[in-house]
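Student: quick one, fold the following:
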Amino acid sequence: MHIRRGISLALAALTAGLLTGAVPGPALAAAPTATALPLKTVADVVSAGDRVFVSGGRSSTDVVVTSATGAVVGTLAGLPGPTDLLLSADRQTLYVALPSANAIAVFDTGSLVESARYDTGVGECPSSLALTGRYLWFGYGCDQWGGNIGQIDLGRQPARLTTGVAGHDYHDYPLLTAAGQNRSVLLAGQPGLSPASVYAYGVGTGGALTLLRTNSWSVVGSNLRDVALDPTGTTVFTAAGAPYEVQAFPFADISTPSATYPTGAYPNAVEVSRDGTRIAAGADATYDPDVFVFTPDGTELARFELGDELSPGALAWSPNGARLYAVAYDWTGVNQATLHVLPAPAG
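Tutor: Numbering: from 1, shown residues only. The predicted structure is shown next:
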């Protein structure tokens, strides 16, 4: 356990909006803002443009809905432990992983009405999601070495479920991510083990999953917290507790970093902008900035101090790249989650 921030965080519960700020650097178009959410914990955040969705995690039953500027406008309630969130390419459909219910819920992002719920099987605990065309992938696992990857073929009516498609078990549920412009690749990260590892898959005809490669020993680091792909699926990004930087690797050869993005101690989030021109990196920082924005070559564009602790994986770009969303939690006992809306510098 590392020492937490002192007086500045104690004040955060009362003045969250005032404490969020950009560390001096390139000029930003607007000031960061912070909005307290009716959530005690946070699992994920995604932006559909006009609406932002924040899930409360396994101990919650809610996904909070806000406007693009962070104002709370609604709640998707009565959901058993919502964790990972995923948007369709047209941003009209929201998928919500429900590990406590062994299911994936589907919502219309406009009406906020649940349109479907897919059963993933007893004891599967689906906890991470990715989409490649008609195939909805989910990383699942309730027990040690019981993790694997499942697939839902949305092109069939009814949708067809297949589990165990990875061909090997994971220690915990794998962290999944896909590329926005490339339906032929899928990336899976192995959390819970040190050194960490990632697995690059090819998606073939009929949704067949083929393991292409994994990383060289120990290069990813330890305690993997988040993974990402660039829009074309040619670059892998990892955020692990160590080393103290987000790393980029060629998808074709996950052995030597092609770029690094320094964050300080305990990187825990990475997100690539929709156009691929900026990399957002986050860390479970102690006294230092929590969120950074870089160009793909590693040039830092901005950094932000949230005042609270950034939740693992809780970064999301707006579709137009003008805003970056970061969700933090207050460790002082207030049990308050906060949505930070950060102005994003141009790439």
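Student: so what's residue 275 up against?
Tutor: Applying C-beta atoms under 8 Å, 6 or more residues apart in numbering to residue 275 gives the contacts 231, 321, 347. In this view, the C-beta of every residue, glycine as well, is placed from N, C-alpha and C.
Student: hmm, try it at 7 Å
Tutor: Listed by C-beta atoms under 7 Å, 6 or more residues apart in numbering, the contact set of residue 275 reads residue 321.
Student: repeat for residue 135
Tutor: Going by C-beta under 7 Å, 6+ apart, residue 135 touches 151, 153, 203, 207.
Student: how close does the residue lying closest to the second one once chain neighbours are set aside get to residue 297?
Tutor: Sequence neighbours aside, residue 160 is the residue nearest to residue 153 in space, at 4.3 Å (criterion: C-beta to C-beta, 6 or more residues apart in numbering). Counting by C-beta to C-beta, to the nearest Å, the separation of residue 160 from residue 297 is 42 Å.
Student: could you list which of the contacts of residue 135 belong to strands?
Tutor: 151, 153, 203 (DSSP state E).
Student: give the bridge partners for the first one, please.
Tutor: For residue 151, the beta-bridge partners are residue 137, residue 162 (DSSP bridges).
Student: tell me how far it lies from residue 168.
Tutor: Relative to residue 168, residue 151 is positioned 15 Å away (C-beta to C-beta).
Student: look at these two and report which has more neighbours.
Tutor: residue 151 (23 against 10; other C-beta atoms under 10 Å).
Student: just checking, that one touches residue 206?
Tutor: No - judged on C-beta atoms under 7 Å, residue 151 makes no contact with residue 206 at a distance of 10.3 Å.
Student: mind listing the helices for this protein?
Tutor: 7-12, 16-19 (DSSP state H).
Student: least reliable of the ones you listed going by mean pLDDT?
Tutor: The minimum mean pLDDT among those belongs to helix 7-12 (a mean of 31).
Student: residue contacts, residue 213?
Tutor: 200, 254.
Student: same question, residue 145
Tutor: 169, 171.
Student: where does the stretch 101-250 of the chain dip in pLDDT?
Tutor: Along the stretch 101-250 of the chain, no part satisfies pLDDT under 70.
Student: what do you get if the cut-off is 90, keeping everything else the same?
Tutor: Low-confidence segments of the stretch 101-250 of the chain, defined by pLDDT under 90: 122-123, 143-146, 167, 192-193, 216.
Student: for the nearest residue to residue 197 once chain neighbours are set aside, what are its contacts?
Tutor: Sequence neighbours aside, residue 190 is the residue nearest to residue 197 in space, at 4.7 Å (criterion: C-beta to C-beta, 6+ apart). By C-beta under 7 Å, 6+ apart, the contact set of residue 190 is 170-171, 174, 196-197, 224.
Student: save these as a markdown table, and put in neighbour count and distance to residue 65 too.
Tutor: Shown next, in a markdown table, are these (neighbours: other C-beta atoms under 10 Å; distance: C-beta to C-beta, whole Å):
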| residue | neighbour count | distance to residue 65 |
| --- | --- | --- |
| 170 | 25 | 32 |
| 171 | 16 | 34 |
| 174 | 30 | 28 |
| 196 | 24 | 33 |
| 197 | 23 | 35 |
| 224 | 25 | 29 |
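Student: now, which of these lie within strands?
Tutor: 197, 224.
Student: what is the nearest of the contacts of residue 190 to residue 130?
Tutor: residue 174 (9.9 Å; C-beta to C-beta).
Student: separation between the closest one and residue 190?
Tutor: For residue 174, the distance to residue 190 - C-beta to C-beta - is 6 Å.
Student: and residue 83, by the same measure?
Tutor: The gap separating residue 83 from residue 190 is 17 Å, by C-beta to C-beta.
Student: quick one: the strands in the stretch 101-250 of the chain, in order.
Tutor: Residue ranges of the strands in the stretch 101-250 of the chain, as given by DSSP state E, counting those that start in this stretch, are 103-108, 114-119, 126-132, 135-140, 148-153, 160-162, 175-179, 182-190, 197-203, 209-214, 222-229, 235-242, 245-250.
Student: out of those strands, which is closest to residue 77?
Tutor: Of those, nearest to residue 77 by C-beta to C-beta is strand 114-119, at 10.7 Å.
Student: and the contacts of that closest one?
Tutor: Contacts for strand 114-119 (C-beta under 7 Å, 6+ apart): 102-108, 152, 159, 161.
Student: list only buried entries from these.
Tutor: 102-107, 152, 161 (16 or more other C-beta atoms under 10 Å).
Student: for the closest residue to residue 74 other than its chain neighbours, give its distance to residue 59.
Tutor: Leaving aside its sequence neighbours, residue 74 sits nearest to residue 65 (C-beta to C-beta, 6+ apart; 4.1 Å). According to C-beta to C-beta, residue 65 and residue 59 sit 19 Å apart.
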